[in-house]
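**Q** Just to be clear, the model below is a prediction. Sequence and coordinates:
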Amino acid sequence: MHHFHYKESELYCEDVPIALLAQEIGTPAYIYSHATLETHFRTFDNAFKGIPHIVCFSMKSNSNLAIVRIFSRQGGGADIVSGGELYRALKAGVDPARIVYSGVGKTAEDIEYALASGILMFNAESSQEIATLNQVAGRMKKKASIAIRVNPDIDPHTHPYISTGLKENKFGIDIRKAVEQYKLAAELRHLDVCGISCHIGSQLTTVSPFVEALGKLKQLIATLRKSGISIRYLDLGGGLGITYDKEKPPHPQEYAGAVREELNMEDLTLILEPGRVIVGNAGILLTRVVYTKSSGEKEFIVVDAAMNDLIRPSLYGSFHAVQPVRTTGKEKIKADIVGPICESGDFLAKEREVQVLEAGDLAAIMSAGAYGFSMSSNYNSRPRAAEVMVSGSDYHVIRARETYEDLIRGEKIPDFLKKA
Ligand SMILES: *Cc1c(COP(=O)(O)O)cnc(C)c1O
């Protein structure tokens, strides 16, 4: 469910015509619906009512302060993967006691910053990281709370680049070696070994891989308890999919129901790290057609958004629906929707049936709220797009469009090169 819909022939976000936003803010721009974001978070959180749980929003899916703020106001925590994301989470008002830190390459500096901030738990991904966590905590005269991220070797049936819980993936510690690692970690004086975590992949469209992973984690918890290691937090990661095209992912309610049934352990706090399912369909990328061209065999629609704004089609071959901002009833054509970047991989849609669009027309690239702006870059020296949040009949610029000055911030020509 989301709040992008047509009234007559005009696409709206909540009560604001998208064409008005194009006029006032320009293109390309990311447009988010506040009502959608709020509802998605609440629906997900409520689905787990009755079991102790924390919804730690995955910051990497969309880390804009205003967006993260919507969730922190509703009691949400954060799943971070860098010091920069910790900084953003704190700025957005996330309670540090509800922050979990994942990632295979946390440096000693990252760890120090997170310990000083008082986060809930580190999801440790290797024996060397566990040693570093212990060292840094000791130096700071603190105890680091850790979970070990285990790799349960489960195929999530998703794109290989977003599969993370197979044994060939770089993430976590092989579940068969986990007991040994837990025993070693439990000996270390500056660690409180309190959790277990996993994250098997993203854009999952069935619940069975989650249930399978949870089953394996439960077995491991039972084994650990026999060795006197008591686990209080079970972090199931994120990964619930959304509808981009024709996928029929489970509703959060169904996901939560399956988890609840399999979990069946009351003395555990469940941690969930959803990203895409909360923000994916709550945002669009608004773009304007610059030119159309025809090669005889192919039609191209050249728009002012590009792979630097939304890399998912280029990187993963992802599908994003393309909708006209104004429906005209003109015939449909099959076209490639491409950006201005000098790469053949710069496309937003390929061989797509769309209403005929002319230069100057507006189009909405749908389902762009997750891994859209957060993966954007300045490639081809393109200033990054503006981000706008619509709420009812109001809108707010939540990130200004970058300027040319922003592009060169921090760059310097050394003196020796200044002389002609
Ligand atoms: C990316 C990631 C998530 C979020 O995944 P979604 O598919 O967006 O829900 C959660 N946890 C970890 C550790 C991740 O790397």
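**A** That came through, no problem.
**Q** show me where the chain has helices.
**A** 18-25, 34-47, 65-73, 83-91, 108-117, 127-139, 178-187, 208-226, 252-263, 276-279, 312-316, 404-407, 415-418 (DSSP state H).
**Q** which helices and strands does the longest one pack with?
**A** The one in question is helix 208-226. Applying 3 or more C-beta pairs under 8 Å, 6 or more residues apart in numbering; DSSP states H and E, we find helix 208-226 packed against strand 144-151, helix 178-187, strand 191-197, strand 233-235, helix 252-263. Backbone N, C-alpha and C define where each C-beta goes, glycine included.
**Q** Give me the buried positions along it.
**A** Judged by neighbour count using 16 or more other C-beta atoms under 10 Å, the buried positions of helix 208-226 are 209-214, 216-218, 220-221, 224.
**Q** cool, and the fourth one?
**A** Buried residues in helix 83-91, counting neighbours by 16+ other C-beta under 10 Å, are found at 83, 85-86, 88-90.
**Q** Between helix 65-73 and that helix, find me the angle.
**A** Relative orientation of helix 83-91 and helix 65-73, computed by axes from the mean of the first three to the mean of the last three C-alpha atoms, to 10 degrees: 60 degrees.
**Q** Now do helix 83-91: distance to the chain's middle.
**A** 15 Å (C-alpha atoms, centre = their mean, to the nearest Å).
**Q** can you tell me the average pLDDT over that helix?
**A** What helix 83-91 shows for mean pLDDT is 98.
**Q** Number of residues surrounding the closest residue to Ser33 other than its chain neighbours?
**A** What sits nearest to Ser33 in space, not counting adjacent residues and going by C-beta to C-beta, 6 or more residues apart in numbering, is His3, at 4.2 Å. When neighbours are counted by other C-beta atoms under 10 Å, His3 registers 20.
**Q** what residues are up against His3?
**A** Contact analysis of His3 by C-beta atoms under 8 Å, 6 or more residues apart in numbering lists 13-14, 33, 35-36, 390.
**Q** mind redoing it with 7 Å?
**A** Residues near His3 by C-beta atoms under 7 Å, 6 or more residues apart in numbering: 13-14, 33, 35-36.
**Q** so of the helices and strands packed on helix 208-226, which one's packed in deepest?
**A** Most buried of these, by mean neighbour count (mean count of other C-beta atoms under 10 Å): strand 144-151, with a mean of 25.
**Q** which helices and strands does that strand pack with?
**A** In this structure, strand 144-151 makes packing contacts with strand 121-124, helix 127-139, strand 173-174, helix 178-187, strand 191-197, judged by 3 or more C-beta pairs under 7 Å, 6 or more residues apart in numbering; DSSP states H and E.
**Q** if you set the cut-off to 8 Å instead, what comes out?
**A** Against strand 144-151 (3+ C-beta pairs under 8 Å, 6+ apart) you get strand 121-124, helix 127-139, strand 173-174, helix 178-187, strand 191-197, helix 208-226.
**Q** which strand is the longest one in this protein?
**A** As assigned by DSSP state E, the longest strand anywhere in the chain is strand 283-294.
**Q** What pairs with that one, parallel or antiparallel?
**A** Strand pairing for strand 283-294, using DSSP bridges, gives strand 29-33 (antiparallel), strand 299-303 (antiparallel), strand 362-365 (antiparallel).
**Q** Export those strands to TSV and append columns for mean pLDDT.
**A** Output for these, formatted as TSV (pLDDT from 0 to 100):
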stretch	mean pLDDT
strand 29-33	98
strand 299-303	98
strand 362-365	98
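**Q** and Lys418, how many neighbours does it have?
**A** The burial count for Lys418: 7, using other C-beta under 10 Å.
**Q** and the gap between the residue of the stretch 301-420 of the chain found nearest the ligand and Ile413?
**A** Nearest to the ligand, among the residues of the stretch 301-420 of the chain, is Ala370, at 5.8 Å (C-beta to the nearest ligand atom). In this view, Ala370 and Ile413 are 38 Å apart by C-beta to C-beta, to the nearest Å.
**Q** Run through the residues that contact Thr206.
**A** The neighbourhood of Thr206, defined by C-beta under 8 Å, 6+ apart, consists of 157, 249-250.
**Q** what's the burial count for Lys177?
**A** So Lys177, with other C-beta under 10 Å, has 12 neighbours.
**Q** So which bits of the stretch 1-150 of the chain are right by the ligand?
**A** With C-beta under 6 Å from any ligand atom as the criterion, the stretch 1-150 of the chain meets the ligand at residues 58, 60-61, 79, 102.
**Q** how about the residues you listed, which pair is most distant?
**A** Largest separation among these by C-beta to C-beta: Ser61 and Ser102, giving 12.9 Å.
**Q** higher neighbour count, these two?
**A** Comparing Ser61 with Ser102 by other C-beta under 10 Å, the one with more neighbours is Ser102, at 29 against 25.
**Q** remind me which residues of this protein are low pLDDT?
**A** For the chain, no stretch is flagged by pLDDT under 70.
**Q** mind giving me the domain ranges of it?
**A** Split into domains by automatic domain parsing, the chain comes to 4-32+280-407, 103-272.
**Q** can you list those in CSV and add distance to Gly50?
**A** Below are the domains of the chain laid out as CSV (distance: least, C-beta to C-beta, whole Å):
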stretch, distance to Gly50
domain 4-32+280-407, 26
domain 103-272, 8
